[in-house]
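In: give the three-dimensional model of this entry:
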Amino acid sequence: MKRRSFLKACAMSSLGMYAAPALAQRAGKPNLLIIHTDEHNFRTLGCYRNTLPPDQAFVWGKDAFVETPNIDWIAENGALCTKFYATSPVCSPSRASFVSGLYPHTINVPTNDWAMDDNVVTFASVLAANGYETGYAGKWHLDGTGKPQWVPERNFGFEDNKYMFNRGHWKKLADTPNGPKVDTGDKPTYDVAGADNKSYTTDFLTDRAIAFMERNRAKPFVFMLSIPDPHSPDTVRRPYTRRYEKMKFETPRTAMKKLEDAPSWAKPEGPPLTQHRYFGMVKCIDHNVGKLISCLKENNLIDNTIVVFTSDHGDMCGEHGRQNKGIPLEASARVPFLIYYKAKIRKGTIVRQSLGCVDFLPTILSLMGVITSVKVAGRDASELFKTGISPLGWKDITFMRSAGEKDRGWLCAATSRYKLVLSSRDEPWLLDLEQDPDELKNFRDAAGYRGRVKSLAQALKTYATEFKDPRIRDPRIAADLKWCASGTGAYRAPAISAPPSTRGKSRRGRRRRGR
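Out: Numbers count the residues shown, from 1 in each chain. Next up, the predicted model:
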């Protein structure tokens, strides 16, 4: 038996469900289209700016924004989650949690460029077992170090993965008789020269998603379109490259903070970069979302298709004097999450509870009416989207962790209002997003907050213990967690000897097990 067939058989048998004949399963089954971007600052979307006061919506200046009417359509006609957090705000760990409903360190993806465990069952595996045609196009980043590595052998339920590549932020693609390739000559590069509305990666991948949906319009389908923009390098094809060139961008006010006033995970690192090309990438994505929605309408699929728009993590884009991601501040950890489903989600629904990537799998399967016995760490939040009411026993909290295979790093418990961050290098920080949306002040020792610190710490301890998060083995985090959860008196930094060096040979990019 070929390896792909063997892995598929293993995944199907592990689902623990009865798979009815495909024809019987088609009746009433909604399609699923996921549009997944990479490193996307939520403030670049009009629908998110509409939920914020002006000083939070226009951090780069009152006239510095990009209009996103097509992405906004999903929110206007469906639901928007105001506090959807990346379980670990870097690419591979976040993606692993999104497709599996599990915490990344439990499935061998604690950091970038690691290969997800063979035995992971994704939402695509479950849906394939329930008669769905499944496909994927774009960046995968869950199969180790291969780059670009087209058509990863382990497809994890995404049966049509011809246009899946493992990693990279390529700007120009082409189809050839031998399959897709990076169209930059003999060597794949991030060169954008000559890219047009057919070859530029966002356009190219969108066209493949459209072809898949049209080809399978008579069947239930799931397709995940993973667009590698607006991640760096900040380049985009014409005319988007010059569309915002003359826009006046201001430095976000959070970038003005003093170095000594910030913990290690939030210190300024340098002057902000210009935003015009980042905005151009977002605008190109929005135009392509419009093409996808038009395809669904023209093929009479829109009323029976769930459309999800989200990202793996954010981008600081100059906020707090930083770029990129990897930290628990809003611009890095909070990502867009929009969902349209005419049959079950009312127009203009706003979900304000804190959710994370691990919650996606159980939520989407529940919305689709698919029952599975697959074990997940995430929660079914479908009632929040359908009714706006929290299910019985629901807790407004999610958990995040820094990337990395070592004990050192940070852990965070986040609600819709508060974040408690424990770090191996810093004192505990309590952020109150209602009193300080800029995330500049530590409320840990402020009057009236001790109870909040305790409850968040106790929840964080329960999470870390249940899911064996190695961060709690760090002496500093362990001591601070103990004080936050049950200590008395004023906080004092624990007397911890310097931790051993984390330098040395890393297991980064470890090859998949069983090979």
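
In: what residue is smack in the middle of the chain?
Out: D312 (2.2 Å; C-alpha atoms, centre = their mean).

In: that one touches V99, doesn't it?
Out: No. If you go by C-beta atoms under 8 Å, D312 and V99 don't touch, sitting 10.7 Å apart. All C-beta atoms are positioned from the backbone trio N, CA, C, and that covers glycine.

In: lowest confidence element among the helices and strands of the protein?
Out: helix 22-26 (a mean of 39; mean pLDDT, DSSP states H and E).

In: need the next SSE after that one, C-terminal direction.
Out: Helices and strands here follow DSSP states H and E; after helix 22-26, the next one along the chain is strand 31-37.

In: contacting residues around that next one?
Out: Residues outside strand 31-37 that contact it (C-beta atoms under 8 Å, 6 or more residues apart in numbering) are 98, 127, 132, 138, 209, 213, 220-227, 229-230, 285, 289, 292, 296, 301, 304-312, 336, 364, 368.

In: what do you get for stretch 432-439?
Out: With C-beta under 8 Å, 6+ apart, stretch 432-439 has contacts from 56, 253-254, 266, 320, 329-330, 417-419, 431, 441, 443, 449.

In: just the pLDDT at A464, thanks.
Out: If you check A464, the pLDDT there is 97.

In: tell me what the lengthiest helix in the chain is packed against?
Out: In the chain, assigned by DSSP state H, the helix with the most residues is helix 276-298. Counting contacts by 3 or more C-beta pairs under 8 Å, 6 or more residues apart in numbering; DSSP states H and E, helix 276-298 is packed against strand 31-37, helix 69-77, helix 201-215, helix 240-243, strand 305-311.

In: just the CA atoms of it, as CSV, please.
Out: Output of helix 276-298 as CSV, limited to C-alpha atoms (Å, rounded to 0.1, in the frame of the first residue of the first chain):
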residue,chain,number,x,y,z
HIS,A,276,2.1,51.4,1.7
ARG,A,277,3.2,48.1,0.3
TYR,A,278,1.5,46.2,3.2
PHE,A,279,-1.7,48.0,2.4
GLY,A,280,-1.2,47.1,-1.3
MET,A,281,-1.1,43.4,-0.4
VAL,A,282,-4.2,43.7,1.7
LYS,A,283,-6.0,45.5,-1.1
CYS,A,284,-5.0,42.7,-3.5
ILE,A,285,-6.3,40.1,-1.1
ASP,A,286,-9.6,42.0,-0.8
HIS,A,287,-10.1,42.1,-4.6
ASN,A,288,-9.5,38.3,-4.7
VAL,A,289,-12.0,37.7,-1.9
GLY,A,290,-14.5,39.6,-4.1
LYS,A,291,-13.7,37.1,-6.9
LEU,A,292,-14.4,34.2,-4.6
ILE,A,293,-17.7,35.6,-3.4
SER,A,294,-18.8,36.3,-7.0
CYS,A,295,-17.9,32.7,-8.0
LEU,A,296,-20.1,31.4,-5.2
LYS,A,297,-23.0,33.6,-6.2
GLU,A,298,-22.7,32.9,-9.9
